[in-house]
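1. need a structure here:
(4 chains)
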There are 4 protein chains.
Amino acid sequence: MTAPYRHQNCYEKQYPQHQSTVTIGTAAFGGAEIPIIAGPCSVESFEQLLETSEAIQNLGISCLRGGAFKPRSSPYSFQGLGEEGLKLLSAMRLQFGLGIVSEVMTPEQIPLAEAYVDCFQVGSRNMQNFELLKALGRHSKPVLLKRGLAATLDEFLMAAEYILSEGNPNVILCERGIRSFDPATRNVFDVVSIALLKQRTHLPVIADPSHATGRRDLIEPATLAAIAAGADGIILEAHPHPHKSVSDADQAISLSDLAALVPKMKAVANAVNRNVSLAVEGVLH
Amino acid sequence: MTAPYRHQNCYEKQYPQHQSTVTIGTAAFGGAEIPIIAGPCSVESFEQLLETSEAIQNLGISCLRGGAFKPRSSPYSFQGLGEEGLKLLSAMRLQFGLGIVSEVMTPEQIPLAEAYVDCFQVGSRNMQNFELLKALGRHSKPVLLKRGLAATLDEFLMAAEYILSEGNPNVILCERGIRSFDPATRNVFDVVSIALLKQRTHLPVIADPSHATGRRDLIEPATLAAIAAGADGIILEAHPHPHKSVSDADQAISLSDLAALVPKMKAVANAVNRNVSLAVEGVLH
Amino acid sequence: MTAPYRHQNCYEKQYPQHQSTVTIGTAAFGGAEIPIIAGPCSVESFEQLLETSEAIQNLGISCLRGGAFKPRSSPYSFQGLGEEGLKLLSAMRLQFGLGIVSEVMTPEQIPLAEAYVDCFQVGSRNMQNFELLKALGRHSKPVLLKRGLAATLDEFLMAAEYILSEGNPNVILCERGIRSFDPATRNVFDVVSIALLKQRTHLPVIADPSHATGRRDLIEPATLAAIAAGADGIILEAHPHPHKSVSDADQAISLSDLAALVPKMKAVANAVNRNVSLAVEGVLH
Amino acid sequence: MTAPYRHQNCYEKQYPQHQSTVTIGTAAFGGAEIPIIAGPCSVESFEQLLETSEAIQNLGISCLRGGAFKPRSSPYSFQGLGEEGLKLLSAMRLQFGLGIVSEVMTPEQIPLAEAYVDCFQVGSRNMQNFELLKALGRHSKPVLLKRGLAATLDEFLMAAEYILSEGNPNVILCERGIRSFDPATRNVFDVVSIALLKQRTHLPVIADPSHATGRRDLIEPATLAAIAAGADGIILEAHPHPHKSVSDADQAISLSDLAALVPKMKAVANAVNRNVSLAVEGVLH
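-> Numbering: from 1, shown residues only, chains lettered A, B, ... in the order given. You can find the predicted model right below:
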């Protein structure tokens, strides 16, 4: 009934420079390159995804995000297109070669999503949904694990351990803001946690400035701060027509804002001796 | 794709005095009587449950709690006895007539637990595990829904709505402390939320002083405060040998401390024109 | 340059049952009796204080609160009547024999206020205004020290130590809510802190349900919970015409609501073997 | 008794590009240049300041910080050298031409400090010490106002308004971390608040990574993130022998770590089209 004695958790570094790389499609997280994942909060339509995918591919971004199963505070809010949404995402993979990231909320959705996505996302509300974590640990596709709204870093790392200890080494941690007292922003972006996590684990650590701030006018400073602090990747909500977004409309940036942000990300990445990973370098300027 | 227009959520009162009653075994929550649910954090053994059940029955307490499936921050911590634990709980129901409350963490555990328990508990970490909530909404047994660690009352009520809107009206809300900045206690017991929830919903609202404080020396004041603030019930971690508890050892009270607490609860309940619900009134002094 | 070696802080108990009593006017805080302090947030006029004082004296309440120097978030908000307000309070002392509690915000206000008040209040924003605390420590009148908005109990007790270590033993601690994430209430009332403080110090500990909740419809449950948890006194914002209050209008209760609350406080106090201290017992029913 | 009607608070921008500049010694905050303020938490000795001043002057840093009056949670902790400390700071101004920043805790300390310092600091605990703010508003030297531990941005800006509305336009805002639930760091560095404040006010906004993190191994990422997010300056605790620091020993960086950090700050500043302000450009590389 007692826990077995263990020298070390799976998430811990085995030597100071220990750093794992996790690959989604053609993008490697955890190395010198900093990949970007972009796309809408919710998959809404083929046209929406097509317009988004063309734009992000033109920017050299290699991963597309989009929610098909949506965890919403209210049961009466849009709950996502479900499998239909996954199929639309998968069509973008086929047409544009984008790596696909989409959320699963329950173990049953894993085999369903597996055919369509390159990376399972676990949302904040499910960070300690241990049955989901264990089920994902028994698959091999990467898991993008978001920090819970009020999760300590210890709890965050132990949530990753649930996946790792079942045998799936492909976990990417994602800081996405924590709950605090000031209603000025949706959450407080705990940028220093990125650096602290990277001290404590070999897993890649990325940032989600969209949820961390909840306001599109703050995405740029949060994104640049994340890169300066050492983030191994950035996930952004981008939408062809942000004001028409069916969910999280306040925090999605437009595709043109995204295009304007990428060179700034590149500049800050270079300043910290890294590089924003873009498939077609020549496109920018 | 838009939410249907609704006059009212299911959790809202339809008239000012609207108050629902939810029954676990012989205990009714939401009326003038204030039932107590007591028992260990984790089901550990037949002997442990037997000793606990005898003691609580002697006190007139009619509901037994005990975890068979345990959500733990670490995958290496004791994860509960599983179905074996449910069977032990069920044996206590048979022998002592106690109503049984036990946690389920995933939709698959519901049919398994259904035969053994009188009330499904949803833990804090799963307050927004919407698939679990919807699955419980399609059953009829009562659900004891604990507030998330950093959940607003709006989010808490909308989590209940996930269960109610699927057709199960038997939801009991449970305040169990929220995360805050002072390490002096495990959580901050938001006692006023009990009164505020009762203004906003017809659902019964109970308190869990054990998790709210995390310290057995603070169970008494937290319990009495909860009753004074209007709680419809109290759930307490009690263990025959608290220091030997395999989980949450710091917050469980002994069976003799529980016996000493009950008359104090009775006195405060009477002061606010309610009554602690005890099966055998004569036992107390 | 190093701190002198000390066995014990002044606030600590010297033996398990160590409990100090601090007296404001005729009211003793820290004994079996639970006194009430009531009155408006801000002193506004003679008529306002007169109506309040008559009402609270009729209820048997022996202490009047009222702000003459008001700490306000905005420099353009009403800043209090200053010395004129103190004179009005003092007139109530003369006419009704009430103990007077009023806030000072700076060391210079202490000698000015000293002639008019029976107890200096230190507000939350000044809990770590150490120069003010030290200056109050060199006087002998009681100090009602409110907990800071985000102060740990350690910090709260060490703030009291600043007063005690200068020689003034008459400190009353006041829990008044802490800042948290849910906008449903102004603050979260940390009711358990009352019990925890009483374990750690011999100083009296009272509660301020008005600031803790910020909503008059939650004053009753917060007050009763505080008494059940062991509070040594209650300070309440009461106003003859709450909706006309120049400050904190949402949280002041009317004098008739106050009259209705007192017998409920009495009932809960009796349930925990204490008594609400009222000068004219016969008035209540 | 009502507030006078006002179109606008003094802190608000009068036009979108409105940006004030505040000068400490030779350093201008609020323009394209990003000055650094460095020095020990507490002034301890002439030797300590001399060694620090030589080092920072060699790096091109133009402002020296050091506490002479120290607000400490415990009255038994080192409270600072007082006027003796101010004299030592002033000697560094004379010898090295450094701008001097030091904290005042009470209105009486202002005239005393005025002769020795170039900028008054107001600490977090005094952010709403309104008498202190008003007194500083009646002087003309710059005020470095630190955000309170749990202050909303509205409260922070209104605290600045207390100074501005009295006639002193020279206010620099400083984000220094807010209190949160994770003990992993002393505070949570709210990096996005820098960008949000800069949207809302024309005042310069700087960052204090030392207090924001409380750990020297996190100063670098926090500093670089602050610059990437748009900070107008950085204030750092640096000490010749950090481990011997009489206060805040865990968060001070060594002078050699400071030297290593400056070129990294320069690189990130350049990436966001700004420049770290250094008196002797040639020194670096």
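2. contacts and neighbour counts: CA atoms only from here.
-> OK.
3. Show me which residues of the stretch 1-150 of chain A sit near chain D.
-> A:A150 (C-alpha under 8 Å from any C-alpha of the partner chain).
4. can you tell me the residue of the stretch 1-150 of chain A closest to chain D?
-> In the stretch 1-150 of chain A, the residue that lies nearest chain D is A:A150 (7.5 Å; C-alpha to the nearest C-alpha).
5. Check the gap between that residue and chain C for me.
-> A:A150 sits at a distance of 10 Å from chain C (criterion: C-alpha to the nearest C-alpha, to the nearest Å).
6. That residue and A:I178: what is the separation?
-> 6 Å (C-alpha to C-alpha, to the nearest Å).
7. And chain D, is the longest helix anywhere in chain A touching that?
-> Of all the segments of type helix in chain A, defined by DSSP state H, the longest one is helix A:255-271. Yes - Helix A:255-271 is in contact with chain D by C-alpha under 8 Å from any C-alpha, via A:K264, A:A267, A:V268, A:A271.
8. Any chance you could spot the residue sitting in the middle of chain A?
-> Centroid-nearest residue in chain A, with C-alpha atoms, centre = their mean: A:I235, separated by 4.7 Å.
9. Flag every residue of chain A that's near chain C.
-> Going by C-alpha under 8 Å from any C-alpha, the residues of chain A near chain C are A:R179, A:S180, A:F181, A:D182.
10. Excluding sequence neighbours, find me the nearest residue to the first one.
-> Sequence neighbours aside, A:N187 is the residue nearest to A:R179 in space, at 5.1 Å (criterion: C-alpha to C-alpha, 6 or more residues apart in numbering or on different chains).
11. ok, how many other residues are close to A:Q17?
-> Using other C-alpha atoms under 10 Å in any protein chain shown as the criterion, A:Q17 is surrounded by 9 other residues.
12. Secondary structure element holding it?
-> Assigned by DSSP states H and E, A:Q17 falls within no helix or strand.
13. elements contacting the longest helix of chain A?
-> Using 3 or more C-alpha pairs under 8 Å, 6 or more residues apart in numbering or on different chains; DSSP states H and E as the contact criterion, the elements in contact with helix A:255-271 are helix A:46-59, helix A:219-228, strand A:234-239, strand A:275-276, helix D:255-271.
14. Burial-wise, tell me which of the ones you listed comes out on top.
-> With neighbours defined by mean count of other C-alpha atoms under 10 Å in any protein chain shown, none of the helices and strands packed on helix A:255-271 is more surrounded on average than helix A:219-228, at a mean of 30.
15. Contacts only, for the residue nearest to A:G31 when sequence neighbours are not counted.
-> In space, A:G31 comes closest to A:T21 once its chain neighbours are excluded; the distance is 6.3 Å by C-alpha to C-alpha, 6+ apart. With contacts defined as C-alpha atoms under 8 Å, 6 or more residues apart in numbering or on different chains, the neighbours of A:T21 are A:A28, A:F29, A:G30, A:G31, A:L203, A:P204.
16. can you tell me how far A:T21 sits from A:N170?
-> 8 Å.
17. right, and the residue nearest to the centre of chain A touches A:V205 too?
-> No - taking contacts as C-alpha atoms under 8 Å, A:I235 lies outside contact range of A:V205: 11.0 Å.
18. on that earlier part again, residues that sit against both of A:A150 and A:I178, list them.
-> By C-alpha under 8 Å, 6+ apart, A:A150 and A:I178 have no common neighbours.
19. Now do the same for A:F120: helix, strand or coil?
-> Secondary structure assignment for A:F120 (DSSP: H, G, I helix; E, B strand; the rest coil): strand.
20. Now do the nearest residue to it once chain neighbours are set aside, the pLDDT please.
-> For A:F120, the nearest residue in space outside its immediate sequence neighbours is A:V143; the separation is 4.8 Å by C-alpha to C-alpha, 6+ apart. According to the prediction, A:V143 has pLDDT 98.
21. I'd like to know how many residues surround A:V143.
-> Neighbour count of A:V143, defined by other C-alpha under 10 Å: 29.
22. surely it meets A:G123?
-> No - checked against C-alpha under 8 Å, the pair A:V143 and A:G123 is beyond contact range at 10.5 Å.
23. Now do the same contact list for A:T23.
-> By C-alpha under 8 Å, 6+ apart, the contact list for A:T23 reads A:F29, A:P142, A:N170.
24. Likewise for A:N129?
-> Counting by C-alpha under 8 Å, 6+ apart, A:N129 makes contact with B:M105, B:R125, B:N126, B:N129.
25. which regions of chain A lie under the pLDDT threshold?
-> Low-confidence segments of chain A, defined by pLDDT under 70, span residues A:1-7, A:280-285.
26. hmm, try it at 50
-> Low-confidence regions of chain A, defined by pLDDT under 50, span residues A:1-2, A:4-5, A:281-285.
27. ranges for the helices of it?
-> Secondary structure of chain A, counting by DSSP H: helices at A:46-59, A:83-96, A:109-114, A:130-137, A:153-164, A:191-200, A:209-213, A:219-228, A:255-271.
28. so the longest one versus helix A:219-228, what angle?
-> Relative orientation of helix A:255-271 versus helix A:219-228 (axes from the mean of the first three to the mean of the last three C-alpha atoms, to 10 degrees): 30 degrees.
29. Check the offset of helix A:255-271 from the chain's centre.
-> Put simply, helix A:255-271 sits 18 Å off its chain's centre (C-alpha atoms, centre = their mean, to the nearest Å).
30. and the end-to-end length of stretch A:32-45?
-> End-to-end span of stretch A:32-45 (C-alpha to C-alpha): 35 Å.
31. Nearest residue to A:H18 in space, please, no chain neighbours.
-> Counting by C-alpha to C-alpha, 6+ apart, the nearest residue to A:H18 once its immediate chain neighbours are dropped is A:H202, at 5.5 Å.
32. Wait, that neighbour touches A:Q19, no?
-> Yes - checked against C-alpha under 8 Å, the pair A:H202 and A:Q19 is within contact range at 4.2 Å.
33. Show me whatever sits in contact with both of those two.
-> Here A:H202 and A:Q19 share the contacting residues A:K13, scored by C-alpha under 8 Å, 6+ apart.
34. before we move on, back to that, give the contact list for the residue of the stretch 1-150 of chain A closest to chain D.
-> The neighbourhood of A:A150, defined by C-alpha under 8 Å, 6+ apart, consists of A:I178, A:R179, B:L149, B:A150, B:R179, D:F181.
35. for A:F181, same thing?
-> Applying C-alpha under 8 Å, 6+ apart, we find A:F181 in contact with C:R179, C:S180, C:F181, C:D182, D:A150, D:T152.
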